[in-house]
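Asks: missing the sequence, but the structure's below:
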């Protein structure tokens, strides 16, 4: 049985948080599908709220605190990502953006990512397509086709077989497929020398 | 082992009283710090080079030449010389000139500069930072080691039959360090030439320093300059001292909290825990500094940053007194006691002359005068 890791990044601010609730359901759906495919998955959750001050300190000082460093390594080293933000002012929250701003340029290249969001009304749902998806495309991550937005009525309906459930399962299947068909991630080493001195000297 | 101070040369308002020194005051303060450094028994003074406010040291050899005239023993260095935006021809000339005036008390630390807008002011582009550092330094080495240079490169007009004057003092180019916080290419460059590697060691956690120095040492050995523990390593450091640590923390906190680079970010407590910054008693500084060798190995040069963030000159001179009287003598003794005999000191003008004179002339290669220019020079120091 092969093994993969999933990192779940939740930018919810309150507890309990509907953002975290959505993130957990996406993680469960992805885990179930990976399990069906014979892949054992280890899921690690990064609650950005816990790292709020450290993220800003990293922006200002240029290096992460030990606990933020661990969160960054968890996300950079995962085989697949589930990222969920509340929608503020028609986009991801500032904390969500700032965390990915300090993550490192190449940290997510070719990494399968499932994007999700929560908001006070379904009218915010396209923020996933015009804010989150372009950002992760820019980072050269592989964003799965289905993104999942949960509005209050999605939770209020109380219908576990409703459309939110359907979207979660479809998105989970898509992420599981991407994760299982790739090799496990080898963590990037920012201090690794990737060129010879002769190449540096000749500029080739 | 060499101990000294390095300065950025920032003009910063003193956050405790709102007073901002004039440029003239700041420049003269840097000189006073250098002179004091010699007086209290330190070995090195290194100045930054900047071309944008609030920094004053745009012309390092003017300042170092002035300091040379007022000191007799102090080694004059840079932290750093911008190998990217300076013309290597001008670096070769300026520092050879300084060597003659200072009787060889000169070395340099190369750095790239991380301020994007500065590059175009000198006709360059920050995106070429690494290639500029590599190409310009290769030319600089040749200008110091070959009497007549033909050169064609990517970043400056070609040179035909060019002789950089004056020639290096006694035909010995200044020793060069390369400074970089996180670019493995620069550690590789330092290792390739057998030059020194300097880790800033201030704004980054010790793990970064450890990785960069480790890479440099490994590649130094790879290129045949000696064993990994014989590579020439320098570290920065940042301290503030008073008789007891509570007093030191109380006095330094407003400067830390408002410091231009890291102020308003991590707390003083977090920063001292996560970086080599030490704020406390002289004994605490001694204890902390002695731990540096545990993660970089035995090293050759320790520079401290003392004069920044608006600290008044009087305070900085007091710091130098403490450093010279209570800290450095103990560090010298302790470091010397544990350093194995095969680990060399940092090269100086005198040691480089002795090394050259001790080496047998390579068979079939005629001595080409004082500059001793040969094509093999590239791989040697």
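Replies: Yep, it's here. From a predicted model like this one, the values you see are computed outputs, not experimental measurements.

Asks: can you give me the offset of stretch B:261-280 from its chain's centre?
Replies: 22 Å (Cα atoms, centre = their mean, to the nearest Å).

Asks: now do the strands in chain A.
Replies: Ranges of strands within chain A are A:2-10, A:39-47, A:80-88, A:91-92, A:112-118, A:142-143, A:148-150, based on DSSP state E.

Asks: can you tell me which residues contact the residue nearest to residue B:307 when sequence neighbours are not counted?
Replies: Of all residues not flanking residue B:307 in the chain, residue B:316 sits nearest, at 4.4 Å (Cβ to Cβ, 6 or more residues apart in numbering or on different chains). Any C-beta I mention is one placed from the backbone N, CA and C, and that applies to glycine too. Each residue near residue B:316 by Cβ atoms under 8 Å, 6 or more residues apart in numbering or on different chains is listed here: B:29, B:33, B:306, B:307.

Asks: looks to me like the last one is in a strand.
Replies: No - Residue B:307 is assigned coil when assessed by DSSP: H, G, I helix; E, B strand; the rest coil, not a strand.

Asks: surely it touches residue B:26?
Replies: No - if you go by Cβ atoms under 8 Å, residue B:307 and residue B:26 don't touch, sitting 9.1 Å apart.

Asks: so which bits of chain A are right by chain B?
Replies: Within chain A, the residues that sit near chain B (Cβ under 8 Å from any Cβ of the partner chain) are A:56-57, A:59-63, A:65-66, A:190-195, A:197, A:200-201, A:203.

Asks: how about 7 Å then?
Replies: A:57, A:60-63, A:65, A:190-193, A:195, A:197, A:200-201, A:203 (Cβ under 7 Å from any Cβ of the partner chain).

Asks: how far away is residue B:176 from residue B:88?
Replies: Per Cβ to Cβ, to the nearest Å, residue B:176 is found 12 Å from residue B:88.

Asks: and residue B:307 and residue B:26? Which one has more around it.
Replies: Using other Cβ atoms under 10 Å in any protein chain shown as the criterion, residue B:307 and residue B:26 rank with residue B:307 on top: 26 against 21.

Asks: count of neighbours near whichever residue of chain A sits closest to chain B?
Replies: When scored by Cβ to the nearest Cβ, chain A has residue A:60 as its residue closest to chain B, at 3.3 Å. Applying other Cβ under 10 Å, we find 13 residues neighbouring residue A:60.

Asks: residue contacts, it?
Replies: Applying Cβ atoms under 7 Å, 6 or more residues apart in numbering or on different chains to residue A:60 gives the contacts B:262, B:264, B:265.

Asks: if you set the cut-off to 6 Å instead, what comes out?
Replies: Residues counted as contacts of residue A:60 (Cβ atoms under 6 Å, 6 or more residues apart in numbering or on different chains) are residue B:265.

Asks: so where's chain A uncertain?
Replies: Filtered on pLDDT under 70, chain A yields the residue ranges A:157-162, A:188, A:204.

Asks: okay, which residue is most central for it?
Replies: residue A:83 (3.0 Å; Cα atoms, centre = their mean).

Asks: bridge partners for that one, pull those for me.
Replies: residue A:9, residue A:115 (DSSP bridges).

Asks: doesn't residue A:10 make contact with it?
Replies: No - Residue A:83 is beyond contact range of residue A:10, at 8.2 Å (criterion: Cβ atoms under 6 Å).

Asks: can you name the residues of chain B sitting close to chain A?
Replies: B:131, B:134, B:184-185, B:188, B:192, B:203-205, B:211, B:262, B:265-266 (Cβ under 6 Å from any Cβ of the partner chain).

Asks: which of the residues you listed fall within strands?
Replies: Residues of the residues of chain B next to chain A located in strands (DSSP E): none.

Asks: what's the closest of those residues to residue B:283?
Replies: residue B:205 (23.5 Å; Cβ to Cβ).

Asks: would you turn the strands of chain A into CSV with distance to residue B:245?
Replies: Converted to CSV, the strands of chain A look like this (distance: least, Cβ to Cβ, whole Å):
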stretch, distance to residue B:245
strand A:2-10, 39
strand A:39-47, 35
strand A:80-88, 43
strand A:91-92, 43
strand A:112-118, 47
strand A:142-143, 51
strand A:148-150, 52
